[in-house]
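S.K.: generate coordinates for the sequence data below:
(one chain, ligands or ions: 1)
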Amino acid sequence: MLQESIRRYAYSDTEGKVRKLINSLHVGILVFNSQEEVLFSNKFAHDMLGLSEKQLRMKGPYHPEWSVVYEDGSPFSCEMSPVLVALKTQKPVTNLIVGINRPLTGDRAWLLVNAEPILTDSGEVSEIVCSFSDITQRKAIEDKLTSLYQSLESRAFDLACSNADLERFVYVATHDLQEPLRLITSFLQLLKKKYDSQLDEQASEYINYAVDGSRRIKKLILDLLEYSKFSIDRDGFKLLDPGKVIEDVKHSLCSLLKQHHAIIDVKPLPVIYADPSLLHQLFKNLLTNSVKYRGESTPQISIDCITQGDDYLFSVSDNGIGIDPGYSEKIFDLFQRLHKNEAFEGTGVGLAICEKIIRLHRGSIWVESMPGKGSTFYFTIPQKQQW
Ligand code: ADP
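M.R.: Here you go, the predicted structure:
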């Protein structure tokens, strides 16, 4: 439609107004007759192609100096030119991208070309209106985006590979370590059993230490394996009620909670987008710790949540022994503990798992506490997960 109007206006433009208007366009216009001769061209076309109207009429629509190429860099075939195709097929050719060497500057320009055949009442092509715009900048941005995307893809692939390598390494290392450990433990026990009567008290004690040590290494290995198990599975994320998850956790910890008469007060919690099994593990670790590190009085735990900016801010408070603020960051590191095993059994993996789970949810976790004053563990979960 636009092409048809251009053609009509251009020819009946006695005062030159329409030509001015067409010359002000940032789109090149060339009108061809059915012999592929240029009948009309505008200023943008002259500037872009480096030819005057007269030269264009004489030289025709293609010029070897332009070194026209397709988008993939292959040389342009004149037989497949949009004008010729529109002429032969009587159908428009749309959005063809070609590159040309600008005659004036010699640099590469990219053009988005359309060719529209104008048909007579008897159905023959009388003219072809070819329009083109300069998309050099757009193409440069697109090319940059494509190469960025490709490098992102290859980095993501490298990361996935090294992640898989690491997971394999942890798995193999932990499995392979268990076997010699089993040997050490059983031979130590055998030694004790067989030569118990010949060993003095100190030798027996040393063997007991060694057995305890190897048992502890086994626990550390298993916990390390457990830690490495938690990974992101975006398909596992869904809208869920954390209150229900906490109910399940309470159920799975029921004997521990009953044994210590723990009181758990759960405030109304919002529905969140999270992975239910990861959230289960998180609350399980936090509640277990609140009971494990209880003070003199009955464990009282309160779970609450408020909105804070774009996040939900959860809190799990207890009335336990508390933590020296100097260690409030360290306790989230793998195998970091504040107590000897004789005082509280453990390996220092529970909070590292909590930290990993919250990291996988794109949130953060921290603790506010004072010795003897209980602890409050805070963690955030974004209200909207974006991937
Ligand atoms: P573990 O309990 O096996 O030592 P965690 O990673 O769960 O490992 O905890 C790390 C350390 O943080 C614990 O050794 C303990 O000193 C401290 N801690 C964790 N939770 C609490 C809590 N609710 N109250 C007091 N101390 C805590």
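S.K.: phi, psi for Y70 please.
M.R.: Main-chain torsions, Y70, degrees, to the nearest 10: phi -80, psi 180.
S.K.: T307 too?
M.R.: phi -90, psi 140.
S.K.: looking at this, F377 is in a strand?
M.R.: Yes - the assignment for F377 is a strand, going by DSSP: H, G, I helix; E, B strand; the rest coil.
S.K.: measure it to I353 for me?
M.R.: 13 Å (Cβ to Cβ, to the nearest Å). The way it works is simple: take the backbone N, C-alpha and C, and place the C-beta from them, glycine included.
S.K.: neighbour-wise, which of those two wins?
M.R.: More crowded of F377 and I353, by other Cβ atoms under 10 Å: F377, with 25 against 21.
S.K.: what are the bridge partners for that one, then?
M.R.: V316, V367 (DSSP bridges).
S.K.: how about the contacts made by I301?
M.R.: For I301, the contacting residues are A262, I263, I264, D265, L287, S290, V291, V316, S317, D318, by Cβ atoms under 8 Å, 6 or more residues apart in numbering.
S.K.: any idea what it is bridged to?
M.R.: In this structure, I301 bridges to I264, D318 when assessed by DSSP bridges.
S.K.: quick one: L199 and N208 touch, right?
M.R.: No - under the criterion of Cβ atoms under 8 Å, L199 is not in contact with N208, lying 10.8 Å apart.
S.K.: please enumerate the helices of the protein.
M.R.: Counting by DSSP state H, the chain has helices at residues 2-11, 17-23, 43-49, 53-59, 82-89, 136-195, 201-229, 242-252, 254-259, 276-292, 350-360.
S.K.: turn those helices into a markdown table, columns for distance to P103.
M.R.: A markdown table is the format used below for those (distance: least, Cβ to Cβ, whole Å):
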| stretch | distance to P103 |
| --- | --- |
| helix 2-11 | 24 |
| helix 17-23 | 19 |
| helix 43-49 | 7 |
| helix 53-59 | 10 |
| helix 82-89 | 19 |
| helix 136-195 | 15 |
| helix 201-229 | 63 |
| helix 242-252 | 68 |
| helix 254-259 | 83 |
| helix 276-292 | 63 |
| helix 350-360 | 57 |
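S.K.: weakest of those helices in terms of mean pLDDT?
M.R.: Lowest mean pLDDT within the helices of the chain: helix 2-11, at a mean of 59.
S.K.: roughly how far apart are V245 and L145?
M.R.: Counting by Cβ to Cβ, the gap from V245 to L145 is 40 Å.
S.K.: give me the more crowded residue out of these two.
M.R.: Applying other Cβ under 10 Å to V245 and L145 shows that V245 carries more neighbours, namely 22 against 10.
S.K.: quick one, what contacts the more buried one?
M.R.: With Cβ under 8 Å, 6+ apart, V245 has these contacts: P276, L279, H280, F283.
S.K.: apply 6 Å and report the result again.
M.R.: P276, L279, H280 (Cβ atoms under 6 Å, 6 or more residues apart in numbering).
S.K.: top of the residues you listed by neighbour count?
M.R.: Among those, L279 has the most neighbours (other Cβ under 10 Å), with 23 neighbours.
S.K.: interface residues of the stretch 251-387 of the chain facing the ligand?
M.R.: Counting by Cβ under 6 Å from any ligand atom, the stretch 251-387 of the chain comes close to the ligand at 285, 289-290, 293, 318, 320-323, 331, 337-339, 346-352, 375.
S.K.: perfect, that will be all.
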